[in-house]
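Visitor: how does the following fold in three dimensions:
(4 chains)
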Number of protein chains: 2
Amino acid sequence: MNRNDSCIIRHFSHYCALSDDDKALLCELEDSPQDVKSGDVLWKENDHASEFCTVSRGWAYSYRNLGDGSRQILEVFLPGDIIGLREFAFSQRLAGVSMIDDGVICHFPHRRLLDIFRQSTTLTAVLFAISSRQQSLLTERLVNLARRTAHQKLAHFLYEMYVRLDQTGAAGEGKFRLPLSQEQLADTLGLSAVHVSRTFSAFREEGLVLRERHKVTLPDPQALAQVAEFDACYLNDSVRPIFLENDNAAMRPPNGVSASAVKS
Amino acid sequence: MNRNDSCIIRHFSHYCALSDDDKALLCELEDSPQDVKSGDVLWKENDHASEFCTVSRGWAYSYRNLGDGSRQILEVFLPGDIIGLREFAFSQRLAGVSMIDDGVICHFPHRRLLDIFRQSTTLTAVLFAISSRQQSLLTERLVNLARRTAHQKLAHFLYEMYVRLDQTGAAGEGKFRLPLSQEQLADTLGLSAVHVSRTFSAFREEGLVLRERHKVTLPDPQALAQVAEFDACYLNDSVRPIFLENDNAAMRPPNGVSASAVKS
DNA sequence: GCGCTGTATTAACTTGAGTTATCGGCGTTT
DNA sequence: AAACGCCGATAACTCAAGTTAATACAGCGC
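Guide: Numbers count the residues shown, from 1 in each chain, chains lettered A, B, ... in the order given. Next up, the predicted model:
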């Protein structure tokens, strides 16, 4: 994997500057890329867990199947994301993972994380930061699922995807590609597919969201953020420089990509 | 803080054996204990974040206030838990934290975590494991909130608390103390307080749960687990020995406390 | 062209949980 | 012991979202 088009290095670099040694360590996480097709299952719940994956291309999601046949999608992974961090403490998978899209996935064993812990405090801190950021995405989704209406849930999800894609340059001008079906959206938002359709229809009439096939257009992203009571704090993902051993300028303001926030 | 009654050391020891150096490092996290009263706010959303807390005694919870005046409780912390891990990557608090109970709290700065990263791979791995375990609790709550009925939500929460308390010896024979009000339960489960009351009444009639004041009795814990479709995988919290540098017996089965699982 | 399958739309009906309101019990204060 | 406030129980009513079902439409293989 070429150091300059490694998604992982790009992703880690959002958090802080990396030394060449650090980059070399990270590169090893993108050995053995594997082509995968839309719908492919990377692993199922309760499978033995001994490796992580990085997404090089394509989208993936993690999910839980429930007793009554329904399904809950937990996370949506984009290129550069690490899958399976949550299972570090477990020997079994707690959630299945499946591809939304065709893509490229790289595997690396849990052990490799220990090597990183031993060899680079900087990367350890960044990994910890990435893990806490994933957790904050989860927390935000939890609040969303527990306390908001269907309109707000969908608005929030769409705006969150818009911001995340915008941070990686994959969205612009209120337009982006969203390869999820309405059923997958429903499973993400804890709604029925029928109600997702109804909600899209309502948004279309209000001129808030236009969706055709897998293209979404937000004529007025800020208006959508208002509906969702969106507060982008949880997406601001720079590690404060004070944490990094080779950085003496304590409390220098972060210079990473910052999401445009709408405070409610 | 005496090494033998440190909650933190007890908590970390669940994951793996610790060297004396490791214990000394951990002890420093329980400097400066502070007495706190029920209802005390440790911090609010958007406060500046630069320290973690450990709970020595008492219960605490993290919460988010929403635009419409409602509130979502995210996590319930018990003695031995670390509060604020999620905010490692952020300079602001993403959630408020407040005491349920009178208790004792110890503060330590974010920096201290970096010291640990530098000085002990074992503790780094355990911290990572603790963080992933917290995340798995959150995930489970998310599934619960998104996809289950009020009966299942409450049953699941009660049974989860029962297992967690049992692991620390604070529950036995299907009885435990639950210092949360019905309103706090409602805010945890994304329900109204009225409906929590209704659900308790139903459980009482079915003989599933008896609650008076802050004492809960589960006449038949397994029956409750059935109702909740409870799968205790996510609570089994031993770090597999393969991860620990000073452990050569790879794949030795974990010997930690294990929750009695009910597979659906 | 045809039929197949998966995906989306819309309508009619049902239901689980929210809302509002009233009332009783218990603990605390004065 | 009277007064207050908090918490919990129950009932009546409302409403958001689920369910079922009918229909449409696109992509795909043949």
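Visitor: A:Ile82 against A:Ser56, yeah?
Guide: No - taking Cβ atoms under 8 Å as the definition, A:Ile82 is not a contact partner of A:Ser56, at 11.4 Å. Where you see a C-beta, it was placed from the backbone N, CA and C, and this is true even at glycine.
Visitor: confidence score at the residue of the stretch 151-264 of chain A found nearest DNA strand D?
Guide: Residue nearest to DNA strand D within the stretch 151-264 of chain A (Cβ to the nearest atom of the strand): A:His195, separated by 3.1 Å. A:His195 is assigned 97 on the pLDDT scale.
Visitor: please identify which helix or strand holds it.
Guide: helix A:193-206 (DSSP states H and E).
Visitor: in that helix, which residues are buried?
Guide: Judged by neighbour count (16 or more other Cβ atoms under 10 Å in any protein chain shown), helix A:193-206 contains these buried residues: A:Val196, A:Thr199, A:Phe200, A:Phe203.
Visitor: out of the residues you listed, who's nearest A:Tyr162?
Guide: Distances from A:Tyr162 to those, taken as Cβ to Cβ, are shortest for A:Phe203 (13.6 Å).
Visitor: from memory that closest one sits against A:Val209, does it?
Guide: Yes - assessed by Cβ under 8 Å, A:Phe203 is found in contact with A:Val209 at 4.0 Å.
Visitor: now the common contact residues for these two.
Guide: By Cβ atoms under 8 Å, 6 or more residues apart in numbering or on different chains, A:Phe203 and A:Val209 have these common neighbours: A:Ala155.
Visitor: hmm, back to that, pipe the buried residues of helix A:193-206 into JSON lines and attach distance to A:Ala89 per row.
Guide: Formatted as JSON lines, the buried residues of helix A:193-206 follow (distance: Cβ to Cβ, whole Å):
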{"residue": "A:Val196", "distance to A:Ala89": "34"}
{"residue": "A:Thr199", "distance to A:Ala89": "37"}
{"residue": "A:Phe200", "distance to A:Ala89": "39"}
{"residue": "A:Phe203", "distance to A:Ala89": "40"}
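Visitor: returning to what we had before: which strands and helices sit next to the helix holding A:His195?
Guide: Here helix A:193-206 touches helix A:150-167, helix A:182-189, strand A:210-212, going by 3 or more Cβ pairs under 8 Å, 6 or more residues apart in numbering or on different chains; DSSP states H and E.
Visitor: out of the ones you listed, which is closest to A:Ile73?
Guide: Nearest of the helices and strands packed on helix A:193-206 (Cβ to Cβ): helix A:182-189, 4.1 Å.
Visitor: other SSEs contacting that closest one?
Guide: strand A:60-65, strand A:71-77, helix A:150-167, helix A:193-206.
Visitor: got a list of contacts for that helix?
Guide: Helix A:182-189 has contacts (Cβ under 8 Å, 6+ apart) with A:61, A:63, A:70-73, A:76, A:100, A:144-145, A:150, A:153-154, A:157, A:180, A:191-193, A:195-197, A:200, B:146.
Visitor: what do you get if the cut-off is 6 Å, keeping everything else the same?
Guide: Applying Cβ atoms under 6 Å, 6 or more residues apart in numbering or on different chains, the external contacts of helix A:182-189 come out as A:Arg71, A:Ile73, A:Lys153, A:Ser192, A:Ala193, A:Val196, A:Ser197.
Visitor: would you agree A:Gly84 is in contact with A:Phe52?
Guide: Yes - assessed by Cβ atoms under 6 Å, A:Gly84 is found in contact with A:Phe52 at 4.4 Å.
Visitor: which one's more surrounded, the two?
Guide: The neighbour comparison of A:Gly84 against A:Phe52 (other Cβ atoms under 10 Å in any protein chain shown) goes to A:Gly84, with 25 against 20.
Visitor: dihedrals phi and psi, the more buried one?
Guide: Main-chain torsions, A:Gly84, degrees, to the nearest 10: phi 100, psi 0.
Visitor: name all residues that make contact with it.
Guide: Counting by Cβ under 6 Å, 6+ apart, A:Gly84 touches A:Phe52.
Visitor: what do you get for the one 3 residues further on?
Guide: If you count contacts by Cβ under 6 Å, 6+ apart, A:Glu87 has them with A:Ala49, A:Arg93.
Visitor: wasn't it part of a strand?
Guide: No - counting by DSSP: H, G, I helix; E, B strand; the rest coil, A:Glu87 is not found in a strand; it is helix.
Visitor: what pLDDT is listed against it?
Guide: 89.
Visitor: ok, it to DNA strand D distance?
Guide: Distance, A:Glu87 to DNA strand D, using Cβ to the nearest atom of the strand, to the nearest Å: 28 Å.
Visitor: A:Gln134 too?
Guide: In this structure, A:Gln134 and DNA strand D are 25 Å apart, going by Cβ to the nearest atom of the strand.
Visitor: which SS state does that residue fall under?
Guide: Three-state call for A:Gln134 (three-state DSSP): helix.
Visitor: number of nearby residues for it?
Guide: Other residues within reach of A:Gln134, judged by other Cβ under 10 Å, total 21.
Visitor: quick one: average pLDDT of stretch A:204-217?
Guide: Averaging pLDDT along stretch A:204-217 yields 92.
Visitor: endpoints of it, how far apart?
Guide: Using Cα to Cα, to the nearest Å, one end of stretch A:204-217 lies 10 Å from the other.
Visitor: and for stretch A:208-217?
Guide: Distance between the two ends of stretch A:208-217: 9 Å, counting by Cα to Cα.
Visitor: just stretch A:58-73 next, same as before
Guide: End-to-end distance of stretch A:58-73 (Cα to Cα): 17 Å.
Visitor: wondering if that stretch reaches chain B at all.
Guide: Yes - Stretch A:58-73 is in contact with chain B by Cβ under 6 Å from any Cβ of the partner chain, via A:Arg64, A:Leu66, A:Gly67, A:Ser70, A:Gln72.
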